[in-house]
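Participant: I would like the atomic coordinates for the input below:
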Amino acid sequence: MAALDASAYVSDTQADPRAFVRHSEGLAHLDLLVRGASCAGCIARIEGGLREDERVEQARLNLSTGRLALSWRGDDAAARDFIAKLNSIGYPATPYEPEADSDPQREEERRLLRAMAVAGFAMANVMLLSVSVWSGGLEMTETMQSLMHRISALIVLPAVAYSGQPFFRSAWRALRVGHVNMDVPISLAVFLACGLSIYETFIGHGAAYYDAAVMLLFFLLIGRFLDMRLRAKASQAARGLAAMQAATANRLLPDGAVKAVPAREVIAGDHLVLAAGDRVPVDATVIDGRSALDGSLVSGETEPVAAEPGTQLFSGMLNLDGKLVIEATADRDNSLLAEITRLVEAGEQSRSRYVRLADRAAKLYVPFVHTLAALTLIGWFIVAGEPRPAIINAIAVLIITCPCALGLAVPAVQVVASGRLYGEGVLVKSGDAMERLAQIDTVVFDKTGTLTEGRPRLVNEHEIDPRSLDVAAQLARTSRHPLSRAIADAAGMGIAAHDVTETPGGGIEGYVEGRRARFGSAQWLGIQTTANPFSEAWLQIEDEEAVRFRFQDRLREDAAETIHGFKTRGAEVFLLSGDRREPVAAIAAELGIVSWQGELKPQDKIERLQALKAEGRKVAMIGDGINDAPALAAADVSISLASAAEISQAAADFVLQADRLKSSVFALDISRGAKQRVIENFATSVVYNIIAVPIAVFGYVTPLIAAIAMSGSSVLVILNALRLARRR
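Facilitator: Next comes the predicted model:
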């Protein structure tokens, strides 16, 4: 297969790519946005073409986002040479800027939709004229038939010129660089059908086949649009991560003044001021101030991270309360959030190399059709002694073997299966996700927010006297800390304490009934404690004995049912979490999960997934946190919940809209059913060709009958796909 409509894009010749080159470890690095890549063949041509240059050390294209990561040895000026090379093989490129609003996938969708609408309009009108010609028979004069054909030409030729562009340009780009793809025989059939029809309309006196040409394009555009529609969602993850990066930073100047600068200009060693509500723009270390930050980016846990001088911060963290002065330890392109973005895209890249069933079938289709049409042309020219019947029969072969059924075999099933899943609260976001899910034998779960609800709850309320609970609740009602909210929820509505002060990362202090009370961490209160599977906080009322409050995340109601469902379907279950080992072990024991690990960072999860894949496993990942996004992208197939971070939803192939975890098991069942329907559709296409091709080769069908037969095979494929919609 070939690139999409890349020629519709124009390289930005005004942008100097040298400005986007960065350097590390003796190599120059540049990220490019490549237009028009649509399949594994495109990846091979792009990466292979660049690696022909001796300077290139690495070239990796992410098919979903169009991002090409390029590394080479040499000066920055080589960037222009690489862009010129990409242009020469038919893939225009510009420096990659994920913050840009333009989405090439969405633009391509609109173009295909417009082309399909034009082809459909032309087909409907031309068929009316064709019916008049067929039904007129001997009663219609040659003059009237000629008029009908001329009107058909006026309708079809402009429509074909517009609607056929995705195929014509793709075919031309492939031929220009010495390749042949599926769009070549399609374009050839359309050109020959239109050319012969023009000849018969204005010079000869035979039948015209305008309706066959436009019908062919219409059905092919349906398949291509459906496929593009399902592919388009994958590129959201990188854009969402880019949106999380702070656009500006407050640089602290030597004279004490604060100046707002673009975050891209921050370098290691800069001193920055971080106010409450600001995101950390780059990786940094706290040098002054105390605060609490949302650290879910690193650990996936909702409990805020206490920050004080010496604490390491990572880009994307959200400062919750106090003012901080921080020292940058890296620029933005080398920060943790940028690394997570690269990890997400690396995972998407590995999945984009997945060879789909349709791609395998397409490799056999092109040489078969070209050879058959050429033999038909030569054979009939020898038999008939003139070109006209030879051309008509060759066109019939090209049309009757047209890959409409092949092109619809996968998209039709995907659309029906996606609709069935959507009805059950499962959103499918990736075109080949169901093919990958159908093959899985291993399922990896995150803990917090996935197997659990992601909200701590008080678990030892029965051990706490009502007075202590009431005092703690009066303090907790003044705070937004997750543990404070758990206390307030357990105690219910009530009054709040007076003269309350909150120490970031420590706790709350105030007065209740005239007595000084403190509620917070054991370290803040000076209490010695040991590790346990619970989160905890302590209440100290003046000199009284401290009271311990224990918290635990609640398991989802259907977590055990989901684990059992996957096990009964032959999948082995793992639990990988960024939380402490003790609570992870407790959850694993409760759910009967033997294989588990805790205290993992995003890179650790990816390494564990890669190890599982290296064993030959097909791995599904189910997670919800920002820190899970790279792991979701790295797995063979990924599932996220609707309550998950937007970045995780963007990186996932499936989103459980109703937050019902057991819907993931239903998605597995439907995916396996969809794979079976796809195989049946390919079998239908093969049987159709076995019957139809000999008939066309021996001259028993016209191009129009061939177009109708081709459309009939497409209808059969769609009807078979609709079987998935039936509820059992």
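Participant: rest of the way, CA atoms for contacts and neighbours
Facilitator: Noted.
Participant: State the mean pLDDT of the helix or strand that contains Leu632.
Facilitator: Taking DSSP states H and E as the criterion, Leu632 maps to helix 629-634. Per-residue pLDDT over helix 629-634 has a mean of 76.
Participant: What helices and strands are in contact with that helix?
Facilitator: helix 336-352, helix 602-614, strand 619-623, helix 646-651 (3 or more CA pairs under 8 Å, 6 or more residues apart in numbering; DSSP states H and E).
Participant: Return the member of these having the minimum mean pLDDT.
Facilitator: helix 336-352 (a mean of 52).
Participant: Show me what counts as buried in the helix or strand harbouring Val184.
Facilitator: Secondary structure assigned from DSSP H and E places Val184 in helix 183-202. By neighbour count with 16 or more other CA atoms under 10 Å, helix 183-202 contains the buried residues 183-198, 200-201.
Participant: Hmm, Met116 and Ala159 touching each other?
Facilitator: No - under the criterion of CA atoms under 8 Å, Ala159 is not in contact with Met116, lying 9.8 Å apart.
Participant: Could you point out the helix or strand that follows the helix or strand harbouring Val383?
Facilitator: Per DSSP H and E, Val383 falls inside helix 357-384. Downstream of helix 357-384, the next assigned helix or strand under DSSP H and E is helix 387-400.
Participant: need the strands for the stretch 51-200 of the chain, in chain order.
Facilitator: 56-62, 67-72, 93-95 (DSSP state E, counting those that start in this stretch).
Participant: Correction: the previous question concerned the stretch 501-650 of the chain.
Facilitator: Using DSSP E, counting those that start in this stretch, strands in the stretch 501-650 of the chain cover 507-512, 515-520, 535-541, 547-555, 572-576, 595-597, 619-623, 637-641.
Participant: What is the fourth one packed up against?
Facilitator: Judged by 3+ CA pairs under 8 Å, 6+ apart, the packing partners of strand 547-555 are strand 452-458, strand 535-541.
Participant: Make JSON lines from those and add mean neighbour count and mean pLDDT to it.
Facilitator: Shown next, in JSON lines, are these (neighbours: other CA atoms under 10 Å; pLDDT from 0 to 100):
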{"stretch": "strand 452-458", "mean neighbour count": "20", "mean pLDDT": "81"}
{"stretch": "strand 535-541", "mean neighbour count": "21", "mean pLDDT": "87"}
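Participant: I'd like the distance between Ser640 and Leu600.
Facilitator: Per CA to CA, to the nearest Å, Ser640 is found 19 Å from Leu600.
Participant: Tell me which of these two has more neighbours.
Facilitator: In this view Ser640 and Leu600 are compared by other CA atoms under 10 Å, and Ser640 has more residues nearby, 33 against 20.
Participant: Which of the helices or strands spans the closest residue to that one other than its chain neighbours?
Facilitator: Closest residue in space to Ser640, ignoring its immediate chain neighbours: Val655 at 4.8 Å, by CA to CA, 6 or more residues apart in numbering. Assigned by DSSP H and E, Val655 belongs to strand 654-656.
Participant: Name the nearest residue to Gln455, ignoring sequence neighbours.
Facilitator: I think there's a mix-up here, since residue 455 is Arg and not Gln. Asp553 (5.6 Å).
Participant: sorry, back to before: may I see the helices and strands packed on strand 547-555 organised as a markdown table, with distance to Phe225 added?
Facilitator: As requested, the helices and strands packed on strand 547-555 are exported to a markdown table (distance: least, CA to CA, whole Å):
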| stretch | distance to Phe225 |
| --- | --- |
| strand 452-458 | 38 |
| strand 535-541 | 50 |
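Participant: Figure out which of those strands is closest to Arg173.
Facilitator: Closest approach to Arg173 among the helices and strands packed on strand 547-555 (CA to CA): strand 452-458, 51.2 Å.
Participant: How many residues are close by Gly565?
Facilitator: Count around Gly565 with other CA under 10 Å applied: 17.
Participant: List the contacts of it.
Facilitator: 662, 665 (CA atoms under 8 Å, 6 or more residues apart in numbering).
Participant: Give me the pLDDT for it.
Facilitator: 93.
Participant: My read is that Leu293 contacts Gln312, right?
Facilitator: No - assessed by CA under 8 Å, Leu293 is found out of contact with Gln312, at 11.3 Å.
Participant: Counting neighbours, go ahead and name the busier of the two.
Facilitator: Comparing Leu293 with Gln312 by other CA under 10 Å, the one with more neighbours is Leu293, at 26 against 16.
Participant: Now do the same contact list for the closest residue to the more buried one other than its chain neighbours.
Facilitator: Nearest non-adjacent residue to Leu293, counting by CA to CA, 6+ apart: Asn319, 4.5 Å away. Going by CA under 8 Å, 6+ apart, Asn319 touches 274-280, 291-294.
Participant: Name only those of the residues you listed that count as buried.
Facilitator: The buried subset of the contacts of Asn319 - by 16+ other CA under 10 Å - is 274-275, 278-280, 291-294.
Participant: List just the nearest of those to Gly164.
Facilitator: Nearest member of these to Gly164, counting by CA to CA, is Arg279, at 48.0 Å.
Participant: wouldn't that closest one be in contact with Ser315 here?
Facilitator: Yes - using CA under 8 Å as the test, Arg279 is close enough to Ser315 to be in contact (7.3 Å).
Participant: Quick check: pLDDT value at the closest residue to Lys567 other than its chain neighbours.
Facilitator: Among residues not flanking Lys567 along the chain, Val573 sits closest, at 7.1 Å (CA to CA, 6+ apart). As predicted, Val573 sits at a pLDDT of 93.
Participant: what's around Val573, how many residues?
Facilitator: Val573, neighbours per other CA under 10 Å, totals 21.
Participant: Show me the beta-bridge partners of it.
Facilitator: According to DSSP bridges, the residues that bridge with Val573 are Val443.
Participant: roughly how far apart are it and Trp596?
Facilitator: Distance from Val573 to Trp596, by CA to CA: 9 Å.
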